[in-house]
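J.: Below are the sequence and a predicted model for it; my questions follow.
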Amino acid sequence: MAESFDVLDESGRKTGVVMPRNEVHRRGLWHQGCDAWIYTSKGEVLLQKRSMNKETQPGLWTASATCHVSAGETPRDAIVRELDEEIGVKARPSELREIIATRFDEIISPTYHNREFQHVYIYKRDIVIGELRLQKEEVDAVKLMPFPKLKKELSDPRSSKKYVPFVYIDDLFRILGEAIGH
C-alpha cells in the first residue's frame, strides 16, 4: 500500500487532506519529515549512508535516521518508528529531544518537489555498530564519527558530494556541540 501524508498549509498546519507520497511530491505540497542524530558519551555521531536505490540523494551520508511523517502520525512517533526500521535502534519517544523545527523547499526533479516541515531530534545513546540491524532498502552503511570531524567535514564545501545538505546545519552544530560538550 502506498505511503500517505497529511498535507499541510504554508504555516505547517494540517489541512485535513491526505494524499499519497508520490502525489504530494509531484505537486509540491507541504508535508512533514524528521531527522534524528544519535550521539554517544564519547562525543561520536552516528551517520547512515543512504541506499543506492533511494529515489533522492542515493549513496550520500546523512543523519542517523530520516523519515517522512505518515498520515495520522506525530513527528516524534515517526522518527521512533524509523530508528527501529532503518537501523534497529529501539527508542522511547521521551528519550528524543526535538532541537529544531524548520522548513525547506527544494525542487529535485520536474516530478519531485520536496516542500517539507523538518523536525530534528538528538538522542544520546552508546551504539555498537555490529549490533545494528540495517534496513537494506534504505541504508547501505553506518559509521560513528567524532563530532569535531563531522563538523569539519560538513563545513568543507568539497564534502558536498558526500553528504545530504542540511538547511539547519549551524543550529545542529551549536546544539549538538553543547549536548556533547564541545
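T.: Great, that's in hand.

J.: Show me the helices in the protein, by range?
T.: 21-27, 75-87, 147-155, 169-180 (DSSP state H).

J.: Ok, which of those comes nearest His113?
T.: Nearest to His113 among the helices of the chain is helix 21-27; the distance by C-beta to C-beta comes to 6.2 Å. Backbone N, C-alpha and C define where each C-beta goes, glycine included.

J.: returning to that earlier point: need the helices of the chain in CSV (columns: mean neighbour count and distance to Tyr121).
T.: CSV is the format used below for the helices of the chain (neighbours: other C-beta atoms under 10 Å; distance: least, C-beta to C-beta, whole Å):
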stretch, mean neighbour count, distance to Tyr121
helix 21-27, 17, 21
helix 75-87, 21, 6
helix 147-155, 16, 16
helix 169-180, 15, 11
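
J.: Next, format those as a markdown table and append mean pLDDT and distance to Ser94.
T.: Shown next, in a markdown table, are the helices of the chain (pLDDT from 0 to 100; distance: least, C-beta to C-beta, whole Å):
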| stretch | mean pLDDT | distance to Ser94 |
| --- | --- | --- |
| helix 21-27 | 95 | 28 |
| helix 75-87 | 97 | 9 |
| helix 147-155 | 94 | 24 |
| helix 169-180 | 95 | 16 |
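
J.: Relative to Leu172, how far out is Met77?
T.: Not Met; residue 77 is Asp. Distance, Asp77 to Leu172, by C-beta to C-beta, to the nearest Å: 22 Å.

J.: nope, Ser41 is what I meant
T.: Applying C-beta to C-beta to Ser41 and Leu172 gives a distance of 19 Å.

J.: what about this structure, any weak spots by pLDDT?
T.: 1 (pLDDT under 70).

J.: got the residue ranges for the strands in it?
T.: Using DSSP state E, the strands found in the chain span residues 4-8, 14-20, 30-39, 44-50, 61-62, 65-68, 97-109, 112-124, 139-146.

J.: mind checking which of those strands is nearest Leu83?
T.: Between Leu83 and the strands of the chain, the shortest separation by C-beta to C-beta is 4.6 Å, and it involves strand 65-68.
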